[in-house]
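Asker: could you look at this predicted model? Sequence included:
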Amino acid sequence: MKQLSAAGRYLWAMPNTLGGLVVCLPFLLPGFNCRLCQGVIELHGKGIAWMLDRFSMSAVTLGHLILARNEGEIGWCRVHERVHVRQYEQWGPLFIPAYLAAGTIAWVRGRRPYRDNIFEVEAYLAGEPGHEGSGGNA
């Protein structure tokens, strides 16, 4: 039953994972490093770093895909990004609209659309010392 549950989570998040792979495909051409870590694809490389720099990001998660500037960034933000993987597993194709709505709600309330986004709050808490799963954040 646990395997079916895991398979269901992968299938539910798959549209986001595949979309992420399609979107980042041109940025993989300059060369990249890929590794599968606990069921999550981690990619980094020059093209990905260039793309993330355009948005002032250290890393981004799309389903079961984590894109980061380099291996050090992945290590530094892995705990934070794994929270987003779990959020994708929970929300599936609804995650991106829900994430954008949460940022908009924070902004309308006069708060920071990124840092006060409920999805980011959860991810940052996971990476803070003294919390389960501590180990850095993005």
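Answerer: Now that the structure is in, tell me what you want to look at. Bear in mind that the values here come from a model prediction, so they are computed numbers and not experimental data. Residues are numbered from 1 along each chain as shown.
Asker: only C-alpha atoms from now on, for both contacts and neighbour counts.
Answerer: Will do.
Asker: next structured bit after the longest helix along the chain?
Answerer: Counting by DSSP state H, the longest helix found in the chain is helix 2-28. Next in sequence after helix 2-28, counting helices and strands by DSSP states H and E, comes strand 33-37.
Asker: hmm, back to that, who does the longest helix of the chain touch, helix- and strand-wise?
Answerer: Here helix 2-28 touches helix 46-54, strand 59-62, strand 65-68, helix 71-91, going by 3 or more C-alpha pairs under 8 Å, 6 or more residues apart in numbering; DSSP states H and E.
Asker: between these, which gets nearest to residue 121?
Answerer: Residue 121 lies closest to helix 71-91 among the helices and strands packed on helix 2-28, at 9.9 Å (C-alpha to C-alpha).
Asker: quick check: buried residues in the helix or strand immediately after the closest one in the chain?
Answerer: The helix or strand immediately downstream of helix 71-91 is helix 95-108, counting by DSSP H and E. By 16 or more other C-alpha atoms under 10 Å, the buried positions in helix 95-108 come out as 95, 99, 102, 103, 104, 105, 106.
Asker: let me have the residues you listed in JSON lines, extended by pLDDT and distance to residue 116.
Answerer: Listed next are the buried residues of helix 95-108 as JSON lines, based on pLDDT from 0 to 100; distance: C-alpha to C-alpha, whole Å:
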{"residue": "95", "pLDDT": "98", "distance to residue 116": "16"}
{"residue": "99", "pLDDT": "98", "distance to residue 116": "11"}
{"residue": "102", "pLDDT": "98", "distance to residue 116": "9"}
{"residue": "103", "pLDDT": "98", "distance to residue 116": "7"}
{"residue": "104", "pLDDT": "98", "distance to residue 116": "10"}
{"residue": "105", "pLDDT": "98", "distance to residue 116": "9"}
{"residue": "106", "pLDDT": "98", "distance to residue 116": "6"}
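Asker: in those, find the pair that's most separated.
Answerer: Greatest spatial distance in those: 95 and 106, 16.3 Å, computed using C-alpha to C-alpha.
Asker: quick check: end-to-end length of stretch 29-41?
Answerer: 17 Å (C-alpha to C-alpha, to the nearest Å).
Asker: from the chain's centroid, how far away is the longest helix of the chain?
Answerer: The chain centroid and the centroid of helix 2-28 are separated by 11 Å under C-alpha atoms, centre = their mean, to the nearest Å.
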